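S.K.: got a predicted structure here, sequence first:
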Amino acid sequence: MKRTNLEVAAGLARKAESDWTVVCRGLEQDFPLDAICFHIQQAAEKLLKALLVSRGVDFPFTHDLEDLVSRITPEFPELQDYSDSLSEHTQYAVGMRYDDSICPTREDAVAAAETVRRLRTLVHALLPPEARP
């Protein structure tokens, strides 16, 4: 049986929460920074995709956060402020996993987590109640 857009959005929002839990625990317990930053990017990606699909907008299979923000800002212009700050986190999805020259510092990870914390709060408020985790 095909899932509704709201069911898909809720699933993505729950997955984003799993990534967010890893980020929070990782920062508390000094997990490796590359792993923390990977989950920061993944949480942001899934939050944006949840919002897109909740509005019936197809999303591409991409890790490019700037692209995802650009797809949702016509409906939610308040997300435009995240375009620049999230674009630098795209490298944490794939690039950093294979390129050891990309080495985030703790300060980078904390700043990225703060950006995604604010994004998470906003996306949760924008999601229909049925799609919230």
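M.R.: Happy to help now that I have it.
S.K.: identify the residue nearest the geometric centre of this protein.
M.R.: A centroid search over the chain (CA atoms, centre = their mean) returns Ala44, at 0.7 Å, as the residue closest to the centre.
S.K.: in contact with it, which residues?
M.R.: Counting by CB atoms under 8 Å, 6 or more residues apart in numbering, Ala44 touches 16, 65, 86, 89, 115-116, 119. In short, each C-beta sits where N, CA and C put it, glycine included.
S.K.: one more pass at 10 Å, please.
M.R.: 16, 19-20, 63, 65, 68-69, 82, 85-86, 89-90, 92-93, 112, 115-116, 119-120, 123 (CB atoms under 10 Å, 6 or more residues apart in numbering).
S.K.: and the pLDDT for it?
M.R.: At Ala44, the predicted lDDT confidence score is 97.
S.K.: in this protein, which helix is the longest?
M.R.: helix 5-28 (DSSP state H).
S.K.: tell me which helix or strand of the chain sits lowest on mean pLDDT?
M.R.: None of the helices or strands of the chain scores lower by mean pLDDT, DSSP states H and E than helix 95-98, at a mean of 76.
S.K.: now the helices for this structure?
M.R.: 5-28, 33-54, 65-72, 82-87, 95-98, 106-126.
S.K.: I figured Ala10 hits His124, correct?
M.R.: No - checked against CB atoms under 10 Å, the pair Ala10 and His124 is beyond contact range at 11.7 Å.
S.K.: what residues are shared contacts of the two?
M.R.: With CB under 10 Å, 6+ apart, Ala10 and His124 have common neighbours 50, 131-133.
S.K.: that's all I had, so thanks and see you.
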